[in-house]
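*Asks:* Pasting the sequence and the predicted coordinates here, then a few questions.
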Amino acid sequence: MDQSCEDQSHKWGELPSSPDALPHTDGRAWKLAPLIRLPHKTVGLLLAVTLVSSLSLPAGHAAAAATPSRTLSLADFSPAADGKSDDTPALARCFAEAAKRGGGVIVIPPGDYYVAGTKPVPIASRTIVRAEGARFYLPKQLGDKARLVLFEGRDVQDFAWHGGEFRGHVFDPARRENSWEPNANTRIIVITTSPGGVTSDLLFRDIKSDCIAGAVVTVEGAAKRGSEVEVATFAERVCVESCTLLRSGKFMWDYGHLWQILIWPEDYEPWEVERARRYFRNDLVRDGVRMDAGDDHVRFDNTKRPIEVSRSDEPNEAVCFFGGPLPKNIVRGRQYFVVASSPEFIKIAEQVGGLPIRFEGTSDGSRRRKEADADSTAVIPPPHVGGYDLQGVKLMFKLSGVYHGLYAPTGSGPGKGGVDVQCCRDVRITGCQLSALGDTMHVQRSRNVIFANNHIIGSRMGAFFLAEFCKNASITGNLVDGTNGSRVMSVEKSCADVTITGNTFRNGGRGAWINQPRNFILQGNVFVNNTTKGERDPRRGRRGFATGDYQRFPELYFTLHQTNGTYGPVIVRDNIFATSDSCAPGAVTFAPNGHDLQMSGNVFRGPPAVIRVDTSCTGVVVRDNPGATLKREPVGFNEGRR
């Protein structure tokens, strides 16, 4: 994950070492090896004839009936194949001809193809694409809100794509210089469904990618308009097999990343602070803030988009302060609530409706630094970091927007993860290697999902992500490495009939989050140190605005997305939880209104752990969990998530 996109050494396009290693043939295509230096047209035609003879597709793929007379080679459409000139027009002509013929086999011979992506290449039904050995290069430069889709189809049936490698330049915050903007969005293959249309029998196999700023494979059914739950038309029978999609998926900053850099700039390089300032929600920052000793007024110009009195303790109602120096009794980055508001000032308290705070010490941009230096209790960041004046006191408001809302860049596009599947039925994702500088994969509002024997090797945000309102899912035999990203596992918003068995989850940042499930089994898994965001290290840990200090998260937490929602039955059995000091004392938490909750036979290794179950939960059986004790006490409905 640290290595730059340009520095990777790729050998995916080379011929295999033996006939047996050639993918998805019986070895007959190996006879083409001596011809590999022939012109593209010759190689393409020979590949087409040989591969069609050995082609095998799952039942239901009518494209398997393709014959050589319905085979097209991209070489016949005059691509430059030099990796520099745009081959999109040649691809478009080739795919259009296949559509005109009612489908067939398209062979893209081994070579280097530059694709500018100015207009998607249309995908037609009853088509097989064979792209083994082909390398597709995306533009070197992509600006603000750039949007690229390379191949696109709607209501597609009996379609398969084999092989090919796609290379891009997704934004990487570990690099000082990037040629793509953070909100650039590049999706490779996008298949959508119209309400009442038919999308079915799709196969994606042996596709490779690196540094793509969006999903490589996107399949979407049609959601019911106006509903976040219902599906108008499912896309059916979607299979993703043996794909290697590295650092692919839309880029995400992670929760609180930019916020933390601006509030504690001394922990970062000047260029990192300057970049955070550039991409921050600066519309939610107020400058020129002054607080006087013995006074309770926070003085600044509050006439434009005025900050109102806080009505609740939601983060959107809170403010925090940064820059410096600050009064002794104000904690940098900690949330405060507004209890009085006028065009010239606000008053703040530690709780909603609390007593206004009177300041111990003066704080304003005109205070001389040498005076502040004499005050040993003042915490003062450098006066200028990356061109951002941090000596004057500032405040942020609407903390949800500057902390949670900035998990993704402003203006970012769709395409979470290397594989993005929404509103689909009968989904199989198997044998893939995946990593991303955002969410690694994304399955949402889908039915009958198998995610098995995959290897997630890195994630900046969510590693395994079964998103909202999925039903009937089996998650088995996967190795998931969160690499200090956000949650190592998310099962969001009322997913039902889910079994998660025999997986290993390790090195996540914010634990595993299960959100109001129904009929949920978690059994026989290994969880190893998935709370690394709790480490007191600015490069790995994350501070929170609740205290201004580093947060600690549970290893596993059940929450509600509806304040009065219910969840259950839930079985958590025979898992191993190996935690560290970065884990919250409540290593497992159950939100209110759970029913039929069973947790037994789990082993906890590490600091003493507590299984916290809200007092409102019923049918609770928690026993025989060595290393952990049960505590029945009030638990917040969203506790652990924030």
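*Replies:* Good, I have the coordinates.
*Asks:* mind giving me the domain split of this structure?
*Replies:* 5-250, 257-407, 543-632 (automatic domain parsing).
*Asks:* Using CSV, lay out those domains together with mean pLDDT.
*Replies:* Below are these laid out as CSV (pLDDT from 0 to 100):
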stretch, mean pLDDT
domain 5-250, 82
domain 257-407, 87
domain 543-632, 97
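*Asks:* Now distance to Cys432 and mean neighbour count too, for the ones you listed, in TSV please.
*Replies:* Placement of C-beta: from N, CA and C, glycine included. Output for these, formatted as TSV (distance: least, C-beta to C-beta, whole Å; neighbours: other C-beta atoms under 10 Å):
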stretch	distance to Cys432	mean neighbour count
domain 5-250	5	19
domain 257-407	24	18
domain 543-632	24	19
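*Asks:* Can I get those domains in TSV including distance to Asp497?
*Replies:* As requested, the domains of the chain are exported to TSV (distance: least, C-beta to C-beta, whole Å):
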stretch	distance to Asp497
domain 5-250	15
domain 257-407	29
domain 543-632	11
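*Asks:* Tell me which of the ones you listed sits nearest to Pro517.
*Replies:* domain 543-632 (5.5 Å; C-beta to C-beta).
*Asks:* Any idea how far that closest one is from the middle of the chain?
*Replies:* 24 Å (C-alpha atoms, centre = their mean, to the nearest Å).
*Asks:* ends of that domain, how far apart?
*Replies:* Using C-alpha to C-alpha, to the nearest Å, the end-to-end distance of domain 543-632 comes out at 28 Å.
*Asks:* and if you look at stretch 529-549?
*Replies:* 20 Å.
*Asks:* quick one: Asp481 from Val449, how far?
*Replies:* Distance of Asp481 to Val449, given as C-beta to C-beta, to the nearest Å: 21 Å.
*Asks:* What's the separation between Val393 and Phe166?
*Replies:* 47 Å.
*Asks:* and if you look at Ala75?
*Replies:* From Ala75 to Phe166 the distance is 20 Å (C-beta to C-beta).
*Asks:* cool, Arg543 as well?
*Replies:* Distance from Arg543 to Phe166, by C-beta to C-beta: 37 Å.
*Asks:* Tell me what Val421 is bridged to.
*Replies:* Val219, Val443 (DSSP bridges).
*Asks:* so what's it up against?
*Replies:* Val217, Thr218, Val219, Glu220, Val238, Val427, Ile429, His442, Val443, Gln444, Ser446 (C-beta atoms under 8 Å, 6 or more residues apart in numbering).
*Asks:* And the furthest pair within those?
*Replies:* Once C-beta to C-beta is applied, the contacts of Val421 give Glu220 and Ile429 as the farthest pair, at 15.3 Å.
*Asks:* wait, which of the contacts of Val421 is closest to Asn329?
*Replies:* Distance to Asn329, by C-beta to C-beta, is smallest for His442 among the contacts of Val421, at 44.2 Å.
*Asks:* Regarding the residue nearest to the closest one when sequence neighbours are not counted, what is its secondary structure?
*Replies:* Leaving aside its sequence neighbours, His442 sits nearest to Lys416 (C-beta to C-beta, 6 or more residues apart in numbering; 3.9 Å). The three-state label given to Lys416 by DSSP: H, G, I helix; E, B strand; the rest coil is coil.
*Asks:* what about Lys416, distance to Ala436?
*Replies:* Lys416 is 8 Å from Ala436, by C-beta to C-beta.
*Asks:* Could you tell me whether Asn448 really is in a strand?
*Replies:* Yes: judged by three-state DSSP, Asn448 forms part of a strand.
*Asks:* Let me see the contact set for it.
*Replies:* Contacts of Asn448 by C-beta under 8 Å, 6+ apart are Arg425, Asp426, Val427, Lys471, Asn472, Ala473.
*Asks:* Quick one, grab the pLDDT at the fifth one.
*Replies:* You'll see Asn472 listed with a pLDDT of 98.
*Asks:* So it sits against Arg447, correct?
*Replies:* Yes: using C-beta atoms under 8 Å, Asn472 is in contact with Arg447, at 5.7 Å.
*Asks:* Compare the two (neighbour count), which wins?
*Replies:* Arg447 (20 against 17; other C-beta atoms under 10 Å).
*Asks:* Contacts only, for the more buried one.
*Replies:* Listed by C-beta under 8 Å, 6+ apart, the contact set of Arg447 reads Phe234, Cys424, Arg425, Asp426, Val427, Cys470, Lys471, Asn472.
*Asks:* Which strand residues bridge it?
*Replies:* Listed by DSSP bridges, the beta-bridge partners for Arg447 are Arg425, Lys471.
*Asks:* Neighbours of the residue nearest to Pro182 when sequence neighbours are not counted, how many?
*Replies:* Nearest non-adjacent residue to Pro182, counting by C-beta to C-beta, 6+ apart: Pro409, 3.9 Å away. Pro409 has 22 neighbours, counted by other C-beta under 10 Å.
*Asks:* Okay then, goodbye and thanks.
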